[in-house]
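Have a look; sequence and predicted model below, questions after that.
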Amino acid sequence: MNMNRLVAALPVLVCALPLGATGPAAPVPFGPVPSERQLRWHDMEFYGFLHFTVNTFTDREWGNGDESEKVFNPTAFDADQIASVAGKAGMKGLILTCKHHDGFCLWPSRYTEHSVKNSPWKDGKGDVVKEISDAYRKHGLRFGVYLSPWDRNHKDYARPEYLTYYRSQLRELLTNYGEVFTVWFDGANGGSGYYGGARETRRIDNRTYYDWPNTWKIVRDLMPMAVMFSDAGPDTRWVGNEAGKAGDPCWATLDLRKPGRFPGGTSEGNFNGERPGTAWVPAECDVSIRPGWFYHPAEDGKVKTPAELLDIYYASVGRGACLNLNLPPDRRGRIHENDIKSLVEFRRILDQTFARNLAAGAAPAASSTRGGSAKQFSPANLLDNDRATCWAADDGITSAEVVIEMTRPATFNVVDVREHLPLGQRVEAFALDQWKDGTWHEFAKATSIGNRRLLRIGSVTTNRVRLRVTQATACPVLSEFGLYQEPVVQGAIGNGGKR
C-alpha cells in the first residue's frame, strides 16, 4: 500500500488517468470526502495511547490537581522500551497524555511550576515529552499529543486568563517536539478541583469557553497535517464508548449542523455516524488494554487477552474506524510484562492471518467496468495491493458484482474490502456468495465499507467468490479485496462465537 502516492495524487483524483492519457474520466466524488490529513490518518488504522502522570503513582484515574510534584518519580523510565513495544504490536503511532485533568505537565513548561521540572525524577531536568517523541521517531512511529482542556490545578481555570495559559502550552507542544500526527481534545470539562488552593467546583460553558475555532487555528497554523480529535471533530470523532468498538454500520460522516456538535458536546450519532452527513468526521475507537487508563498494580492480572484484542480490532479497524489502544506505563516508566505478552500474541495472530491474500492471482470479472475495459478501472485493481488504484462501475450503476475465480479452491474465514476514499463513501450494502454444488450461496452480508471492512465468518472453501454491491448512492468504487485465513484463536468471539 503506497499512501504517499495516494496523497500526492489527491489534487487530481487518484483514479484519474495519467497526464496525457485518454479514456473515461474518474467518477465524481460523492458527498463529503476526506482531506489529505484525514487520508493519512485513515492509513494508520492502529495506534496507541500512553496515560502516564501523577495518577500512576497515586493509584488513581483522575487526580484532583493538588498532587505534589514529588510523587512523580519513575524508577526506570525507558522511552525506547515503550516505543519498541508499540512497534512490535504493529502500532503506527502513540499519543502521550502530556497533561491530564490534574494539570501536571510531563514537560518543563515555562508557564507553570506544576510539572516534571519540580519532580525528583532526573533531579527536575527530565522531559518525558521529548524522550517519548524522540523514541517514537527512532522506531518509525508518529507522535500525538493529548492536552486536557480541563485543569484542576490551575488557579485561573474557568476564567478568561486560563485560555491564554492553555493556548500557550499548546504552542509549546506544537513547536518544540517535532511533527505531531494528532491533537486529542478530551470532552471532560469542569467540576471540583484544587484550582490553586481554592478547592471548589467550577463550571464552564463548553460551547463558548474555549473559543474552539481560534484554538483549532493554532493547530492548523503550526501543524497543518495533524488531525484534531474530539466528540465532534473537526477531523476525527469519538465513537461514543471506551470499549474500542464502532457501530455496524459505521459511516465516516456526521451532520455538523446539529446542536451539540462541539468538543464536550453530544456524542449522539457517533457510534454509527450519520448519513447523509455534512462533513467527513470518521470514528476513532479508544480503549485501554487494562480496566483503567492509568497503571494500577491490582490490574496486572486483568490485561485483555489476545482473543479480546482481536475482537476489538475487528470491531474497530474492521468497521472503517481507527483503533487507539491505551498502554499505561507502570511505576518504573515501562510497559508491563503482562501487557507485552498479550500484545505480542495478538500481533502474531494478525500477521499470520494477513500474510497471504488467498485471492491474489485470481482473474476477477465485473458486471460493469467504467469505460468498458478501461485498465485504470479494471476489477483486477482490487487484487494489486495498491490503494491508489480502483475498480469503478459506470455512472448510474448502483448495484454491481465482481466474481473472483481462483485457480484452485481456497479455505478462508476473513474477507477484507476497501472503498476508494478520495471519492467518498458510496456503498450502503453488499453481500458475498460462494460457488457450491453448481450454484451461488450467500455466506455474508454487511452495510458500510469505508476505509476497511473486515468480516469474520465461518470457514468457507470454494474456488469462486462473488462480491455483490446491492445498494449504493453512486456508482461503486472499490480499491481492494482479500480473502484470508485466521488461525483458530482460543476464546475469540468472532462471528457469533463460531470460533
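Perfect, thanks for sending it. Numbering: from 1, shown residues only.

drop to CA atoms for contacts and neighbour counts, all remaining ones
Noted.

mind checking which helix or strand of this structure has the lowest mean pLDDT?
helix 3-8 (a mean of 35; mean pLDDT, DSSP states H and E).

Which helix or strand lies directly C-terminal to that one?
Later in the chain than helix 3-8, the nearest helix or strand by DSSP states H and E is helix 36-44.

in this structure, which ranges drop under the pLDDT threshold?
Within the chain, the stretches with pLDDT under 70 are 1-22, 373-374, 491-499.

can you pull out the helices in it?
Counting by DSSP state H, the chain has helices at residues 3-8, 36-44, 55-58, 79-88, 128-138, 160-176, 212-222, 306-316, 337-353.

and among those helices, the most buried is which?
helix 306-316 (a mean of 22; mean count of other CA atoms under 10 Å).

Which neighbouring elements make contact with it?
Counting contacts by 3 or more CA pairs under 8 Å, 6 or more residues apart in numbering; DSSP states H and E, helix 306-316 packs against strand 322-326, helix 337-353, strand 453-472.

Try it again at 7 Å.
strand 322-326, helix 337-353 (3 or more CA pairs under 7 Å, 6 or more residues apart in numbering; DSSP states H and E).

partners of the first one in the sheet?
It refers to strand 322-326. Here strand 322-326 is paired, per DSSP bridges, with strand 46-50 (parallel), strand 283-288 (parallel).

Quick check: buried residues in it?
Neighbour-count burial for strand 322-326 flags 322, 323, 324, 325, 326 (criterion: 16 or more other CA atoms under 10 Å).

Which one, of the helices of the chain, ends up nearest to residue 364?
helix 337-353 (22.3 Å; CA to CA).

gap between the closest one and the chain center?
For helix 337-353, the gap between its own C-alpha mean and the chain's C-alpha mean amounts to 19 Å (CA atoms, centre = their mean, to the nearest Å).

Give me the contacts around that helix.
85, 88-90, 300, 303, 305-306, 309-310, 484-487 (CA atoms under 7 Å, 6 or more residues apart in numbering).

any chance of the residues you listed in TSV, with distance to residue 454 too?
Shown next, in TSV, are those (distance: CA to CA, whole Å):
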residue	distance to residue 454
85	25
88	22
89	19
90	17
300	31
303	25
305	20
306	18
309	15
310	12
484	10
485	12
486	12
487	15
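
Which of those sits closest to residue 54?
The closest of those, once distances to residue 54 are taken by CA to CA, is residue 300, at 18.7 Å.

circling back to that earlier point, now, which of the contacts of helix 337-353 sits nearest residue 331?
residue 300 (12.3 Å).

separation between that closest one and residue 113?
Distance of residue 300 to residue 113, computed by CA to CA, to the nearest Å: 33 Å.

Ok, residue 465 next?
Distance from residue 465 to residue 113, by CA to CA: 63 Å.

So these two - more neighbours on which side?
Neighbour tally, residue 465 and residue 113, criterion other CA atoms under 10 Å: the higher count belongs to residue 465, 25 against 14.

Would you mind naming the residues that bridge with the more buried one?
Going by DSSP bridges, residue 465 forms beta bridges with residue 404, residue 434.

dump the residue contacts of it.
403, 404, 405, 432, 433, 434, 435.

cool, residue 70 as well?
Counted by CA under 7 Å, 6+ apart, residue 70 has contacts 119, 120.

Now render the buried residues of strand 322-326 as TSV, adding distance to residue 128.
What follows is those, written out as TSV (distance: CA to CA, whole Å):
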residue	distance to residue 128
322	26
323	24
324	20
325	20
326	17
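
now, among those, which is nearest to residue 68?
For the buried residues of strand 322-326, the nearest to residue 68 is residue 326 (25.1 Å; CA to CA).

What's opposite the closest one in the beta bridge?
Here residue 326, judged by DSSP bridges, has bridge partners residue 49, residue 288.

now swap in residue 254 and tell me
residue 279.

and if you look at residue 442?
Residues in beta-bridge contact with residue 442 (DSSP bridges): residue 433.

Need the outlier residue of the protein, farthest from its centre.
residue 438 (42.0 Å; CA atoms, centre = their mean).

about what we covered before: who wins on neighbours among the contacts of residue 465?
The most neighbours, when the contacts of residue 465 are compared by other CA under 10 Å, belong to residue 404, which has 25 neighbours.

Surely that residue and residue 361 touch.
No: with contact defined as CA atoms under 7 Å, residue 404 and residue 361 do not form a contacting pair (9.8 Å).
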